[in-house]
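Trainee: One predicted model, sequence on top.
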Amino acid sequence: MDMPLLATVTVTVAGLAALHGRYRDVAVLLGAAARLRGAHDRTDPQVRTLSSHGRAALGAEHFAQAYESGRQLEMPAALTRADPARLRRAPLPATDSAAPPEP
């Protein structure tokens, strides 16, 4: 079952994670959004921008691993991961605090 509206919300939550410098969360959330959507969406400008910033902050390999971990979530877990309140609960990891690159 595809949930495109919830996928859009999840991309927005990924944007919030980026504002906090939490690029691993960005990658996992974008993967979860792909899971909820039922497909990758590399044409969406927000997904492309967040992915670009995430790759710059984490490196392509770590970004891809985190994205895939989000993509592999079961639907209920992907929905839970998309809860924006989760961003408040977890402390910022030291390796995830890079500022986004300048455009």
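Mentor: Cool, got the structure.

Trainee: List the buried residues in the one helix or strand residue 61 maps to.
Mentor: Per DSSP states H and E: residue 61 is located in helix 60-71. Judged by neighbour count using 16 or more other Cβ atoms under 10 Å, the buried positions of helix 60-71 are 62, 63, 64, 66, 67, 70, 71. For the C-beta atoms, the positions are set from N, CA and C on the backbone; glycine is no exception.

Trainee: Ok, stretch 82-89 next?
Mentor: Within stretch 82-89, the residues that qualify as buried are 82, 87, counting by 16+ other Cβ under 10 Å.

Trainee: Quick one: distance of that stretch to the chain centre.
Mentor: What separates the centre of stretch 82-89 from the centre of its chain is 12 Å, taken as Cα atoms, centre = their mean, to the nearest Å.

Trainee: now, which of the buried residues of helix 60-71 sits nearest residue 49?
Mentor: residue 63 (13.3 Å; Cβ to Cβ).
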